[in-house]
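*Asks:* sequence unavailable; structure follows:
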């Protein structure tokens with residue numbers, strides 16, 4: 001069995017850009033656990049996915065426990081938040097093990113995706129519905145469907161943004177002669193739409209230092225592997241299922257029961273804001289695409305334009 005090192009794990013399995021929660025709160029632990037797991041066990045990515053699902057189930061049970069166990073509600077919520085975070089650590093490990101050992105599968109990717117959705121939906125519903133049952137505060141029942149709606153929206157929007165970017169890339173590649181019609185253009189794939197932005201690429205070593213507050217902040221984030229899209233689906237889930245239940249500790253020294261509702265509202269607003277930013281970036285890219293497309297057509301780069309462009313078809 002080959003011996004893997006932490007440096008090798010970082011080089012071969014870490015993403016060039018990732019969510020700040022993953023970079024700072026998951027990868028330092030997950031990377032080291034991957035080294036131990038890969039070198040000392042034969043655990044597969046699917047087994048890690050199953051383990052993440054089990055921890056997610058235990059997290060949901062902890063969120064439900066305050067409805068049945070009196071006097072220790074805050075402890076169960078804190079434990080549930082910790083278990084959800086650990087389940088996410090395992091969820092990140094399965095992909096790293098698959099990339100490191102090359103033993104991933106298409107079906108495993110499907111299982112990972114489905115388990116992720118079930119885990120989040122089950123845990124967030126267990127948290128919010130149980131808090132309504134314990135406190136009688138109807139705000140929890142109002143927040144629950146809003147959270148589910150925005151979680152669904154971000155997935156639908158992300159998939160459509162990625163599809164639109166691929167279509168624009170393909171059209172420009174065909175018009176410029178880089179590829180034949182119907183042949184996939186180089187660089188097309190299933191990249192996260194939150195990462196698909198050339199402007200976010202790290203600056204060259206010989207490039208002048210960025211000027212202005214935002215360019216400097218973005219450059220700092222990228223140098224630390226953090227994508228500028230600061231509140232993605234990962235942060236959304238972690239704030240709702242890790243941060244929100246842990247706010248129950250405020251009840252130990254304030255009259256408040258918890259900050260679950262304010263945290264949930266903040267999460268929804270932050271996700272909505274960054275989804276709007278994502279759409280605005282796409283809108284700017286489509287305008288540049290149309291300009292480039294007209295230039296290529298006018299220059300006669302190809303004999304005839306494709307029948308469909310990125311903005312047409314079904």
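*Replies:* That came through fine. Predicted model, so just to flag it, every value in this text is computed and none were measured. Numbers count the residues shown, from 1 in each chain.
*Asks:* could you use CA atoms for every contact and neighbour count after this?
*Replies:* Will do.
*Asks:* tell me which helix or strand comes right after the helix or strand of the chain with the lowest mean pLDDT.
*Replies:* For the chain, the helix or strand with the lowest mean confidence is helix 213-223, at a mean of 89 (criterion: mean pLDDT, DSSP states H and E). Downstream of helix 213-223, the first helix or strand assigned by DSSP states H and E is helix 233-238.
*Asks:* identify the residues contacting the helix or strand that that next one is followed by?
*Replies:* Using DSSP H and E, the helix or strand that follows helix 233-238 in sequence is helix 244-246. Helix 244-246 has contacts (Cα atoms under 8 Å, 6 or more residues apart in numbering) with 74, 77, 78, 80, 81, 127, 258, 259, 260, 261, 263, 264.
*Asks:* in the least confident helix or strand of the chain, what counts as buried?
*Replies:* 218, 219, 221, 222 (16 or more other Cα atoms under 10 Å).
*Asks:* can you add distance to residue 299 and give those back as JSON lines?
*Replies:* Below are these laid out as JSON lines (distance: Cα to Cα, whole Å):
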{"residue": "218", "distance to residue 299": "36"}
{"residue": "219", "distance to residue 299": "36"}
{"residue": "221", "distance to residue 299": "39"}
{"residue": "222", "distance to residue 299": "37"}
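*Asks:* could you say which helix or strand contains the closest residue to residue 5 other than its chain neighbours?
*Replies:* Distances taken as Cα to Cα, 6 or more residues apart in numbering put residue 35 closest to residue 5, at 6.2 Å, once the chain neighbours are dropped. Assessed by DSSP H and E, residue 35 sits inside helix 27-40.
*Asks:* kindly report the same for residue 133.
*Replies:* helix 106-135.
*Asks:* re the thing from before, which of the contacts of helix 244-246 fall in helices?
*Replies:* If you go by DSSP state H, the contacts of helix 244-246 have 74, 77, 78, 80, 81, 127, 260, 261, 263, 264 in helices.
*Asks:* surely the fifth one and residue 241 touch.
*Replies:* Yes - Residue 81 sits in contact with residue 241 when judged by Cα atoms under 8 Å, with a separation of 5.8 Å.
*Asks:* tell me the spacing between the spatially closest residue to residue 78 that is not a sequence neighbour and residue 235.
*Replies:* Using Cα to Cα, 6+ apart and skipping residues adjacent in sequence, the residue nearest residue 78 is residue 246, 4.9 Å away. According to Cα to Cα, to the nearest Å, residue 246 and residue 235 sit 15 Å apart.
*Asks:* those two: who's more crowded?
*Replies:* residue 246 (23 against 20; other Cα atoms under 10 Å).
*Asks:* for residue 51, see how far away that one is.
*Replies:* From residue 246 to residue 51 the distance is 23 Å (Cα to Cα).
*Asks:* returning to what we had before: just want to know which of residue 81 and residue 241 has more residues nearby.
*Replies:* Shown here are residue 81 and residue 241; by other Cα under 10 Å, residue 241 has more neighbours (31 against 28).
*Asks:* just checking, the more buried one touches residue 79?
*Replies:* No - counting by Cα under 8 Å, residue 241 sits too far from residue 79 to count as a contact (11.0 Å).
*Asks:* circling back to that earlier point, can you tell me which of the ones in helices among the contacts of helix 244-246 comes closest to residue 22?
*Replies:* The closest of the ones in helices among the contacts of helix 244-246 to residue 22 turns out to be residue 81 (Cα to Cα; 15.8 Å).
*Asks:* residue contacts, the spatially closest residue to that closest one that is not a sequence neighbour?
*Replies:* Counting by Cα to Cα, 6+ apart, residue 81 lies nearest to residue 242, which is 4.1 Å off, once chain neighbours are set aside. Applying Cα under 8 Å, 6+ apart to residue 242 gives the contacts 80, 81, 82, 84, 85.
*Asks:* need these in TSV (columns: pLDDT).
*Replies:* As requested, the contacts of residue 242 are arranged in TSV below (pLDDT from 0 to 100):
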residue	pLDDT
80	98
81	98
82	98
84	98
85	98
